[in-house]
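Enquirer: One predicted model, sequence on top.
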Amino acid sequence: MSRKSDATTTGQGEGARLREGPAAELMEASFARELADAPVLHRGLGLADLAHVLALAEADVIPAAPAKRLLGLLLELGEVDVDDFPMSRALEDVYSNREAWVRARDADAAGWMGAGRPRREPATIAYRIAARSGLLALAVAQIRLGRALVEQAAAHVATILPDYTYLQPATPTSLAHYLLSFTYPVLRDLDRVQSAFARTNAFPGGIGNINGTRLRVDRERLARLLGFASLIANTRDAMWQTDQPVEVLAVLVSHLVHLDRLAEDLQIWNTQEFGLVELADRHARISMIMPQKKNPYALAFVRGITGDMIGRLVSMAAVGKTPSAQMDNRIFALGTVPRALEETTRTTSLLAGVVSGLTFAVERMRERAGEGFIQATDLAETIMSECGLSYRSAHRIVGLAVRRALERDASAHDIPRDLLDEAAREIVGHDLTELQPSSLARLSEPAEIVATRTGVGGAAEAPVAAMLVECRTALDRAERWQIETERQIAEAESRLVDLARRRAQEPAGGQADG
């Protein structure tokens, strides 16, 4: 149950190096920015504080009596909803506001909160807790998108359509093959998320005054309490890393660019000029002035988020370009990266829903697959094979024949045999006498062309079936990793809270196990 807190507001100069409190313009400009990240950091700060007090109490750095009282107050603070916590800009940041809340209730106990750690350490830990949670949530959305693509592909193994390059008909393919070309990037993005997660789930705490601490702080114990899988070895690096937020945003941008490419294709296919796909009504919007329109709004949103996220990546790289021990990259990453993860996760889930709801114009795709001289590449290869010509010569013959066919009829889609012989006489000096009529007949059927793509990764049914199995297996493996990792972290955090509660409630002289 949420309760209103009453944090006191004391200035930064109280009993300290400065003679006066912060200027109003400093509070409005900087401290307001930091406090805006309270919803992102509140939960992680609570866990970080509990682990810090427990570890220092176990090492007898914090005496038992104030440690017990402090843990009780921190557990009580954990029940206060962040929206009910009146943050004071005069107290500078979220951690200082929390410390003031405790101090207002027990000044002696609150005095131990900062033992052996700088102000930025708990925020750095809280940031990594939020970021690792965000990466796991993103993996869930990526798996959902991967499965949506796979299921649509499985339903359209035999659906033939033109594959476009530069938005021009290039070669016949299957819709399944096309959709799987977006599934594999999602699998690579999942690999990147797992790799970034491993580095994010490295513990930055217990560092003392950036060069380590003389206090008996067990960094490995702290890491275990908070569910971190490893330590950042160098204490200075632990506090001032710039690459972690840049890496996470780069992973998001890479993933969103893949989404953007699919969204742009679908947006083009959705036009009346192409007419190859239709979005479900639930993913579209109407025009408020043009009543006939059904706008593919969801796709436009995906593309807009991608552009916005590219800007955030550039921004994070820019603020990280400072002297090596400066706050710029820290305070701007605290909220930016977790919020970027949330937005990317929602966008990925949106596109997964769009893909599942798509209706493909199968007959129109088959019709389009026979247009635009789409058999030209296979024709050139057939001429090369049957007539003993080099591919360059065959390529030139077919290209010239296409030009002549268009000169005769601008709407032509096929190349008459007489034009092929005419082009051959001009290019190589003789007719294509070895070219079999049966071969030309097979080339007039796009499905026959697709059926010849039997090599690994090709568009024929057998390699597509193999890719479907491979993709499903990879998605299952990623899902198992996500579920198990989330379980381990949840259990560690639950154990931490339970241990803190037992320690806070234990009789004098006792010690909780854990």
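Expert: Received it, and whenever you're ready, just let me know what you need.
Enquirer: Pull the contacting residues for residue 156.
Expert: 174-176, 179, 360, 362 (Cβ atoms under 8 Å, 6 or more residues apart in numbering). For glycine as for every other residue, the C-beta is placed from the backbone atoms N, C-alpha and C.
Enquirer: Likewise for residue 482?
Expert: Neighbours of residue 482 in contact, by Cβ under 8 Å, 6+ apart: 136, 139-140, 143.
Enquirer: try 6 Å
Expert: Taking Cβ atoms under 6 Å, 6 or more residues apart in numbering as the criterion, residue 482 is in contact with 136, 139.
Enquirer: quick one on the thing from earlier: from the contacts of residue 156, keep the buried residues only.
Expert: Among the contacts of residue 156, the ones that count as buried by 16 or more other Cβ atoms under 10 Å are 174-176, 179, 360.
Enquirer: Sort out for me which of those residues are in strands.
Expert: 174, 360 (DSSP state E).
Enquirer: circling back: residue 42: which of the contacts of residue 156 is nearest?
Expert: Proximity of the contacts of residue 156 to residue 42 (Cβ to Cβ) peaks at residue 179, which lies at 41.2 Å.
Enquirer: I'd like to know how far that closest one sits from residue 160.
Expert: Residue 179 sits 13 Å away from residue 160, going by Cβ to Cβ, to the nearest Å.
Enquirer: same check, this time on residue 226
Expert: Distance, residue 226 to residue 160, by Cβ to Cβ: 54 Å.
Enquirer: One more: residue 208?
Expert: Plainly put, residue 208 is 66 Å away from residue 160 if you go by Cβ to Cβ.
Enquirer: Check residue 234 too.
Expert: Counting by Cβ to Cβ, the gap from residue 234 to residue 160 is 57 Å.
Enquirer: Kindly report the same for residue 120.
Expert: Remark: distance between residue 120 and residue 160 (Cβ to Cβ) = 59 Å.
Enquirer: between the two, who's got more neighbours?
Expert: A direct count of neighbours by other Cβ atoms under 10 Å for residue 120 and residue 160 places residue 160 higher, at 24 against 20.
Enquirer: surely the more buried one meets residue 447?
Expert: Yes - taking Cβ atoms under 6 Å as the definition, residue 160 is a contact partner of residue 447 at 5.2 Å.
Enquirer: just to revisit the earlier point, just name the closest of the buried ones among the contacts of residue 156 to residue 334, please.
Expert: Nearest to residue 334 out of these is residue 179 (Cβ to Cβ; 38.1 Å).
Enquirer: what's the nearest residue to that closest one if we skip its chain neighbours?
Expert: Excluding the flanking residues, the one nearest residue 179 by Cβ to Cβ, 6 or more residues apart in numbering is residue 153, at 4.2 Å.
Enquirer: What residues of the helix or strand hosting the one you found count as buried?
Expert: Residue 153 is part of helix 120-155, with elements assigned from DSSP states H and E. Neighbour-count burial for helix 120-155, counted by 16+ other Cβ under 10 Å, picks out 120-150, 152-154.
Enquirer: Against which helices or strands is it packed?
Expert: helix 38-58, helix 175-200, helix 328-357, helix 461-505 (3 or more Cβ pairs under 6 Å, 6 or more residues apart in numbering; DSSP states H and E).
Enquirer: Repeat the analysis, applying 7 Å as the threshold.
Expert: On a contact count with 3 or more Cβ pairs under 7 Å, 6 or more residues apart in numbering; DSSP states H and E, helix 120-155 meets helix 38-58, helix 94-105, helix 175-200, helix 235-240, helix 328-357, helix 461-505.
Enquirer: so what secondary structure elements neighbour the fifth one?
Expert: Other helices and strands packing on helix 328-357, by 3+ Cβ pairs under 7 Å, 6+ apart, are helix 38-58, helix 120-155, helix 243-269, helix 297-319.
Enquirer: ditto for the third one
Expert: Helices and strands in packing contact with helix 175-200 are listed as helix 120-155, strand 160-165, helix 243-269, helix 461-505; criterion 3+ Cβ pairs under 7 Å, 6+ apart.
Enquirer: Taking helix 461-505 as reference, get the angle to that helix.
Expert: 30 degrees (axes from the mean of the first three to the mean of the last three Cα atoms, to 10 degrees).
Enquirer: State the mean pLDDT of helix 175-200.
Expert: For helix 175-200, the mean per-residue pLDDT is 98.
Enquirer: Each with direction, which strands does the next helix or strand after it pair with?
Expert: Following helix 175-200 in sequence order, the next helix or strand is strand 202-203 (DSSP H and E). Partners of strand 202-203 in the sheet, by DSSP bridges, are strand 230-231 (parallel).
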